[in-house]
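J.: any chance you can model this:
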Amino acid sequence: MGKNYKTMRETELLSFHTIMAASEGDVVAINQVLAHYEGYIATLSTRKFVDEYGQAHYCVDETLRRRLETKLITKILQFKIRIAD
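T.: The predicted structure follows:
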């Protein structure tokens, strides 16, 4: 059987270093964050389309996917890390 949910989530977290570098504008780190959330963004941007025969098809709305990625990049660059004294 596969990993349990908690263990899987703990191993898939982004490192603090990656988050800090991304918030400072490091392109490689930003791409790592985007890759981390790629599946979630694809899920959010999946839309149901119905063809002329009434058949339902699900596909990723590329325009919406790009908008979500742009919004994530904007929020990454606005993110400020506060370290407690």
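
J.: give me the element residue 34 is part of.
T.: helix 27-36 (DSSP states H and E).

J.: can you tell me what sits against stretch 73-85?
T.: Counting by CB atoms under 8 Å, 6 or more residues apart in numbering, stretch 73-85 makes contact with 19-20, 22-23, 25, 30, 33-34, all of which sit outside it. In this view, the C-beta of every residue, glycine as well, is placed from N, C-alpha and C.

J.: C-terminal to the lowest-mean-pLDDT helix or strand in the chain, what's the next element?
T.: Of all helical and strand segments in the chain, the minimum by mean pLDDT, DSSP states H and E falls on helix 5-11, at a mean of 54. Once the chain leaves helix 5-11, the next helix or strand it forms, by DSSP H and E, is helix 16-23.

J.: elements contacting that next one?
T.: With contacts taken as 3 or more CB pairs under 8 Å, 6 or more residues apart in numbering; DSSP states H and E, helix 16-23 sits against helix 27-36, helix 62-78.

J.: residues of that helix that come out buried?
T.: Burial within helix 16-23, assessed by neighbour count using 16 or more other CB atoms under 10 Å, is assigned to 18-19, 21-23.
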